[in-house]
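Participant: Everything below, folded, please.
(4 chains)
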There are 4 protein chains.
Amino acid sequence: MTNDFSWRGVFPALTTKFTANDELDIPMFIKNLEAQLDAGVHGIILGGTLGEASVLSEKEKQQLVNAAVGHISGAVPVVLNIAEGSTREAIRQAKLASEWGAQGLMLLPPMRYKSDHRETVEYFKAISASTDLPVMIYNNPVDYKVEVTLDMFEELTACENIGAVKESTRDVTNVTRMINRFGNRFSILCGVDTLAMEELCLGADGWVAGLVDAFPVETVAIFELVKSGKIEEAAKIYRWFMPLLELDIHPKLVQYIKLAESLTGLGTEYVRAPRLMLQGEERERVTKTIKDALKTRPKSVESV
Amino acid sequence: MTNDFSWRGVFPALTTKFTANDELDIPMFIKNLEAQLDAGVHGIILGGTLGEASVLSEKEKQQLVNAAVGHISGAVPVVLNIAEGSTREAIRQAKLASEWGAQGLMLLPPMRYKSDHRETVEYFKAISASTDLPVMIYNNPVDYKVEVTLDMFEELTACENIGAVKESTRDVTNVTRMINRFGNRFSILCGVDTLAMEELCLGADGWVAGLVDAFPVETVAIFELVKSGKIEEAAKIYRWFMPLLELDIHPKLVQYIKLAESLTGLGTEYVRAPRLMLQGEERERVTKTIKDALKTRPKSVESV
Amino acid sequence: MTNDFSWRGVFPALTTKFTANDELDIPMFIKNLEAQLDAGVHGIILGGTLGEASVLSEKEKQQLVNAAVGHISGAVPVVLNIAEGSTREAIRQAKLASEWGAQGLMLLPPMRYKSDHRETVEYFKAISASTDLPVMIYNNPVDYKVEVTLDMFEELTACENIGAVKESTRDVTNVTRMINRFGNRFSILCGVDTLAMEELCLGADGWVAGLVDAFPVETVAIFELVKSGKIEEAAKIYRWFMPLLELDIHPKLVQYIKLAESLTGLGTEYVRAPRLMLQGEERERVTKTIKDALKTRPKSVESV
Amino acid sequence: MTNDFSWRGVFPALTTKFTANDELDIPMFIKNLEAQLDAGVHGIILGGTLGEASVLSEKEKQQLVNAAVGHISGAVPVVLNIAEGSTREAIRQAKLASEWGAQGLMLLPPMRYKSDHRETVEYFKAISASTDLPVMIYNNPVDYKVEVTLDMFEELTACENIGAVKESTRDVTNVTRMINRFGNRFSILCGVDTLAMEELCLGADGWVAGLVDAFPVETVAIFELVKSGKIEEAAKIYRWFMPLLELDIHPKLVQYIKLAESLTGLGTEYVRAPRLMLQGEERERVTKTIKDALKTRPKSVESV
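Facilitator: Below is the predicted model of the structure:
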């Protein structure tokens, strides 16, 4: 696979599977990956928030990328998330990603520092200039404080390999603003599960998805239905899906989605500290939400 | 016209026209009203934020309702907004609305007090019980602090004449939550111009619109296109419209929309204190936004 | 009493007492007023949030002002709050206040409209120019959206009768900023019970107080102790007082403070709709907070 | 020095000095450190936000701790900040801190994950149990999302070496709440420069300071004056100091304080990417703020 892929379609942000001994569970990781490929996803993302990036060692990241790249064999691109505090470390990670075989990067603004306009643009420019990989900017001011504004994107048009944005501002109108300002210069992938259908209706190109980890078929179905103009059919699945999709916008999205994966047979509940496994009333409540949805899971989706 | 109308379609929240002497300008009000009716709106709303309700005397409200009802002759319903601080005063206003000939009420939670669940529900119940008019609850926690939650709506299902919500929470997902919980018990009318197309895609029934005051044809076109499944055509107009629609989500929406009305020949810029007419850089900037849009106004809309 | 009083000391924002039949309870109002005077307050404020201004009729406001002015006989000033949506109505209210015998005005920015810099200043100027009464600007952007900025106060120095600010921005540093910019041009009265001691330490001149309605002696004690440099003694009372003072920063401050008044014998719990009397768990919890405090009420305060 | 020091007084959060070649500038670091000791600070903190912790390598942290410990020779404690994403990495850092000679730890909740009550407490317990060093919890929900609530502190009383909190909630009342609930179990050190005097008046024990890096004498003076009951004298310096202290509550506090250090001869402006040195209008504006303050620097402070 060349690095000339298209930022379009459903890109699952995969969870990192652990064993009961807090080690990587590669077999389970591959099992989930196969379900994604079977459902027709268009790429995968490793080392995001859902991948518990902040607790992974460098060696573990390498193992995950190697495993995914080896298994997928170029069918769809493997994208690694870069979320670092210092510019020099981010550049080093981008270089490693390429060496490990990743075909694209997702890139957050600096961690732990609310960089200003100039600093944010310089950061993105320095990292994208250091790599040949295609880059998707991750725009999430709600969780990571820095908003990548339209004026910043204007400056980033100078970086040829920056070709997409993971749009997570929660401001749905930003899809329209981006299209009005930049046409199709940047692919727009919705990064918030609960806003995906509406952003696709407004012209977004893809969906960096979360609940897809447990429900790949339904996620791909909504994308394909909207893109073929079947809005009402998409809306029906989307409404059924919403109580699950809302699990994606909670601080414990990793635990919630891992619980969903375990209930659909695509993962386990193990997380790494400081995250702890769900317990008590919270675990019961989320389990109920998932099981209630499973009872009314749309059958027709299979044939989309 | 009976009070048994449908909360569906485009409901302009009309501005109140003033003369240079700070008196009601009824002829200009009627001129605008005719443009709305010509464009095919499905109802009109008086005395909302856009109507500068907080500076109108009781007599002026009566004049506006009388003028509208007399001119429309039942073709579409005339809805009056009720926004009061005390329960007894709100009940009195609802009674007056009916006497003046209004066919429906839009009802905000208590002004100036952040009532809790029980108080909010009691307030809505007391007022709706006092009138035969159909009632639309105006749910706008951003501007008016009180959110009307789904659990509150559950209790309000007991009030038969409460049949709609003006959804202005800015949380687009609330459309899906309302439908999942209540089916079609409550009509959902989007109350935020910049979120209208996406909420209609998700199943909203109508649009309480603002920029419609200056651009009735384009507003009705978007509604009709979405409802007939022509998403891409709707999106094209919506993108063109967006810089104008964004004027609706600014504290000075009254002045901005009145400026737009004056530039499309459907109104004047006069406002009542404490509001002041725009001046200087701000007036130039908003004028430019409007004039830029007028240059590329979609022609095809006429034939929708 | 002339209108040349000093904006200094403790100014209780009095609650409006109602009977079980939802009518004014003037005898109870006078009883509370006497407790305030006995404790040594320096002025009183009527028709504020705590006075349930938004549900009072014009006639009732007049009765309250008349009762207070008649009873106090000039010992301390009676201040009426002006909180209106239109400039012309605010001017009319200021005129009435003067006719009824009030000796000062507290003035909020326009209600229900987030006026900009120019509009806010024009509003304040128009109203203060219409009256001879001393005016205190009420700066509370948290509850009323409009912040009165330092640059606005700069323009308001032109209005001689604007002599004070009720500082309720919650930004304690604003006390220092006001002093650094304007010296003693504007008296600063803390408008948030939970921030009073620290703002007095920083140089504030007074305290528009809430829990004072039920605990006048303790409130005056803290003021006097801080002003005489007895910080540690003030802090001891303040710490005891804090669980009560926190009742002042809740949306239901009226109900909570009326409950406190009823438990200290200085009022009743009756409120007017949309406010409802407390019930169930909430009433029990607040009652416990108040009774717990009464058990450890500082005795030494009496002799301050 | 034993680890049995007192969390009381002024603890500067020192900046990390860099050369023009982006390497540690140890001589300048020592120069600043000496000024702090001369002024009478009670401890120092390394590797905080002001120390640009997120861009330092492990080796650099070691060099800084070694340099400080060696120079101070036990006169005051050297505290290292621990801000990590994973529990295992935080435990490893705590062990290193001890090996390098640090005498205390400042401990943030997990980075990049909004841990819940149970997870946050478990995180703090695991790290404090792994070390003999005294620990100060850094409570800053504004910048780091997780609030360490009073109920969490209740559970943390079980950890003997957790003895202090850096109080940066911006909610001044939290000082009073902590004292009311825990007496003197936890020392309270104000972590927000602009709130220091008021929190000291309310009973806080110390001040983790920022502008102290450039103005050690004035910072110590305010602490000592408040603690000896000279409130008005403290307020005078505090008012003079405020335009400078406000530089501490800006996202660019590192650059601003380094500019201040360079103007008082105690540092340089060099920062590490993604931070960039100030330029243009912003640099001029901050320079003016600092120079204006230097013109009116209180002389009397010297003799406090």
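Participant: and the residue of chain A nearest chain C?
Facilitator: Distances between chain A and chain C by Cβ to the nearest Cβ are smallest at A:E281, namely 19.1 Å. C-beta here means a position set from N, CA and C on the backbone, and glycine is covered the same way.
Participant: quick one, phi psi at A:A97?
Facilitator: The phi and psi values for A:A97, taken as degrees, to the nearest 10, are phi -60, psi -40.
Participant: quick one: the helices in the stretch 1-150 of chain A?
Facilitator: A:26-39, A:58-72, A:87-100, A:117-129, A:141-144, A:150-156 (DSSP state H, counting those that start in this stretch).
Participant: Would you mind extracting the C-alpha trace of the shortest one into CSV?
Facilitator: Pointing back at helix A:141-144 there. The C-alpha coordinates for helix A:141-144 follow below in CSV (Å, rounded to 0.1, in the frame of the first residue of the first chain):
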residue,chain,number,x,y,z
PRO,A,141,-10.8,21.8,21.9
VAL,A,142,-13.3,20.3,24.4
ASP,A,143,-10.9,17.6,25.6
TYR,A,144,-7.5,19.0,24.7
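Participant: List the contacts of it.
Facilitator: A:49, A:108-109, A:111, A:138, A:147-148, A:168-170 (Cβ atoms under 8 Å, 6 or more residues apart in numbering or on different chains).
Participant: Flag every residue of the stretch 101-250 of chain A that's near chain B.
Facilitator: A:172-173, A:176-177, A:179-180, A:194-195, A:197-199, A:201-203, A:229, A:231-232, A:235, A:238-239, A:242-243, A:246 (Cβ under 8 Å from any Cβ of the partner chain).
Participant: Strands of chain A, residue ranges please.
Facilitator: Taking DSSP state E as the test, the strands found in chain A are A:9-12, A:44-46, A:78-82, A:104-107, A:135-139, A:162-167, A:187-190, A:206-209.
Participant: Tabulate the ones you listed in JSON lines, adding columns for mean pLDDT.
Facilitator: JSON lines is the format used below for those (pLDDT from 0 to 100):
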{"stretch": "strand A:9-12", "mean pLDDT": "98"}
{"stretch": "strand A:44-46", "mean pLDDT": "98"}
{"stretch": "strand A:78-82", "mean pLDDT": "98"}
{"stretch": "strand A:104-107", "mean pLDDT": "98"}
{"stretch": "strand A:135-139", "mean pLDDT": "98"}
{"stretch": "strand A:162-167", "mean pLDDT": "98"}
{"stretch": "strand A:187-190", "mean pLDDT": "98"}
{"stretch": "strand A:206-209", "mean pLDDT": "98"}
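Participant: which of the ones you listed is buried the deepest?
Facilitator: Neighbour counts (mean count of other Cβ atoms under 10 Å in any protein chain shown) averaged over each of the strands of chain A peak at strand A:206-209, with a mean of 29.
Participant: okay, the helices of the stretch 1-150 of chain A in CSV with mean pLDDT and mean neighbour count next?
Facilitator: Formatted as CSV, the helices of the stretch 1-150 of chain A follow (pLDDT from 0 to 100; neighbours: other Cβ atoms under 10 Å in any protein chain shown):
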stretch, mean pLDDT, mean neighbour count
helix A:26-39, 98, 18
helix A:58-72, 98, 17
helix A:87-100, 98, 19
helix A:117-129, 98, 20
helix A:141-144, 95, 16
helix A:150-156, 98, 16
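Participant: Looking at these, which is nearest to A:Y270?
Facilitator: Nearest to A:Y270, of all the helices of the stretch 1-150 of chain A, is helix A:26-39, at 9.4 Å by Cβ to Cβ.
Participant: hang on, the earlier thing: in CSV, list the helices of the stretch 1-150 of chain A along with distance to C:P216.
Facilitator: Supplementary listing: the helices of the stretch 1-150 of chain A in CSV, determined by distance: least, Cβ to Cβ, whole Å:
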stretch, distance to C:P216
helix A:26-39, 67
helix A:58-72, 65
helix A:87-100, 60
helix A:117-129, 53
helix A:141-144, 46
helix A:150-156, 56
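Participant: Quick one: the strands of chain A as TSV, columns for distance to chain D too.
Facilitator: Shown next, in TSV, are the strands of chain A (distance: least, Cβ to the nearest Cβ, whole Å):
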stretch	distance to chain D
strand A:9-12	20
strand A:44-46	16
strand A:78-82	12
strand A:104-107	12
strand A:135-139	13
strand A:162-167	17
strand A:187-190	21
strand A:206-209	18
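Participant: re earlier: and the residues of the stretch 101-250 of chain A next to chain B, which are buried?
Facilitator: A:172-173, A:176-177, A:179, A:194-195, A:197-199, A:201-203, A:231, A:235, A:238-239, A:242-243, A:246 (16 or more other Cβ atoms under 10 Å in any protein chain shown).
Participant: show me the contacts for the residue in chain A positioned nearest to chain B.
Facilitator: The minimum distance from chain A to chain B, using Cβ to the nearest Cβ, falls at A:E198 (3.7 Å). For A:E198, the contacting residues are A:172, B:172, B:198-199, B:201-202, by Cβ under 8 Å, 6+ apart.
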